[in-house]
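Participant: Next input, structure requested:
(one chain, ligands or ions: 1)
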Amino acid sequence: MIDSPSTAPIVCMFECLSDNYGYLIHHPASKQTICIDSPDADLILAKAKSLNWKITQIWNTHWHPDHAGGNAKIQSETGCDIWGPQEVKSRLTAPLDTVLSGGETLKLGELDVFVLATPGHTLQHISYYIPAISSAFVGDTLFALGCGRMFEGNPTMFWDSLQKLRALPDNTKIYCAHEYTLSNLKFAESVEPNNEDLKAYARTARALRQQDKPTIPTLMSAEKACNPFLRSDDSLLQTQLGTKSDSVETFALLRKMKDDF
Ligand SMILES: [Zn+2]
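Facilitator: Presented below is the predicted three-dimensional model:
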């Protein structure tokens, strides 16, 4: 009897630069290997080689150098195609072959991958959702217990993006691009000191970091219960912050408070 090879994609996550995560997604049947962003070309190329995977595509989330800075080198070494938002080319002048703006459906073997427009951190930021493995690659839009800085967008836009991600199923694994969890945790605890779900989350996250283990991926259900930015429409939080049932105003205030924290 011959075991049929598994067709489920495999996600390989590894630390890059000072606090980025690099991601390779390999689909065994099609031999496709996707590199989510390109924070550190040499490290990513070495990781792919060690796994015997050939990078076939880079999918960028946004133009920042710690996300698209390795595009040129990875493409020159592997001949891969690069997909991502126009800003990768226009802002960073990094190579880009196919422009994505959200709403597209990509293929990983036979599996669908949905591209979501999630602007706010940058104006053309996109995220990738793969239902077959209940996983979303969200770049710098959503972090464990936090969200990205609002460098280019406005609060309405960013809150819309967070709501779009929050609408994904509770069991969605959130693969964000940085290990910022403990500093986000301190802010979340200052905002909602009596949130019991957050207390449980805090114990797990601190224990993981004490063992030098990643807190990523995080689950959407946990983020919905504990991430203050995803809770900008929570009436108790709004009352506490005095934002009068205005979710956008609440999000904007939380973002400002975190910037100054
Ligand atoms: Zn960024």
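
Participant: C-alpha only now, for contacts and for neighbours.
Facilitator: Will do.

Participant: Low-confidence bits of the stretch 51-200 of the chain, can you list those?
Facilitator: Using pLDDT under 70 as the threshold, the predicted model of the stretch 51-200 of the chain has no low-confidence range.

Participant: Going along the chain, name the strands of it.
Facilitator: Assigned by DSSP state E, counting those that start in this stretch, the strands in the stretch 51-200 of the chain fall at 57-59, 81-84, 98-99, 105-108, 111-117, 126-130, 135-139, 142-143, 146-147, 173-176.

Participant: Tell me where the longest helix sits in the chain.
Facilitator: When the chain is parsed with DSSP state H, its longest helix is helix 196-210.

Participant: and of the strands of the stretch 51-200 of the chain, who's closest to Lys164?
Facilitator: strand 111-117 (8.0 Å; Cα to Cα).

Participant: so how far is the closest one off the chain centroid?
Facilitator: 13 Å (Cα atoms, centre = their mean, to the nearest Å).

Participant: Any idea what the nearest residue to Thr218 once chain neighbours are set aside is bridged to?
Facilitator: If the residues on either side of it in the chain are set aside, Thr218 comes closest to Ile174, at 5.2 Å by Cα to Cα, 6 or more residues apart in numbering. Partner residues in beta bridges with Ile174: Ala136, Thr218, with DSSP bridges as the criterion.

Participant: so Ile174 sits right up against Pro217, yeah?
Facilitator: Yes: when contacts are counted by Cα atoms under 8 Å, Ile174 is listed as touching Pro217 (5.1 Å).

Participant: Which of those two has more residues huddled nearby?
Facilitator: Neighbour count, other Cα atoms under 10 Å: between Ile174 and Pro217, Ile174 has more, with 23 against 19.

Participant: Could you tell me which residues make contact with the more buried one?
Facilitator: The neighbours of Ile174, taking Cα atoms under 8 Å, 6 or more residues apart in numbering as the test, are Ser135, Ala136, Phe137, Val138, Ile216, Pro217, Thr218, Leu219, Met220.

Participant: Also Leu43?
Facilitator: Residues in contact with Leu43 (Cα under 8 Å, 6+ apart) are Cys16.

Participant: Number the chain from 42, please
Facilitator: That works, and once the first residue is 42, the last one we named lands at Leu84.

Participant: quick one, phi psi at it?
Facilitator: Listed backbone geometry of Leu84 is phi -70, psi -40, with angles given as degrees, to the nearest 10.

Participant: Quick check: the gap between it and Thr119.
Facilitator: Here the criterion is Cα to Cα, to the nearest Å. By it, Leu84 lies 14 Å from Thr119.

Participant: what does Leu137 give?
Facilitator: The gap separating Leu137 from Thr119 is 14 Å, by Cα to Cα.

Participant: With neighbour numbers in mind, choose between those two.
Facilitator: The neighbour comparison of Leu137 against Thr119 (other Cα under 10 Å) goes to Leu137, with 23 against 13.

Participant: Let me know whether Trp94 touches His67 as I believe.
Facilitator: Yes: shown here, Trp94 and His67 form a contact pair, counting by Cα under 8 Å, at 7.3 Å.

Participant: can you list residues touching both of those two?
Facilitator: Counting by Cα under 8 Å, 6+ apart, the shared contacts of Trp94 and His67 are Thr74.

Participant: Neighbour count for these two, which is higher?
Facilitator: In this comparison of Trp94 against His67, neighbours counted by other Cα under 10 Å, the higher total goes to His67 at 26 against 19.

Participant: Verify the stated contact: Val129 with Trp104.
Facilitator: Yes: Val129 lies in contact with Trp104 (Cα under 8 Å); the separation is 4.2 Å.

Participant: Quick check: pLDDT value at Ala49.
Facilitator: The pLDDT attached to Ala49 in the predicted structure is 89.
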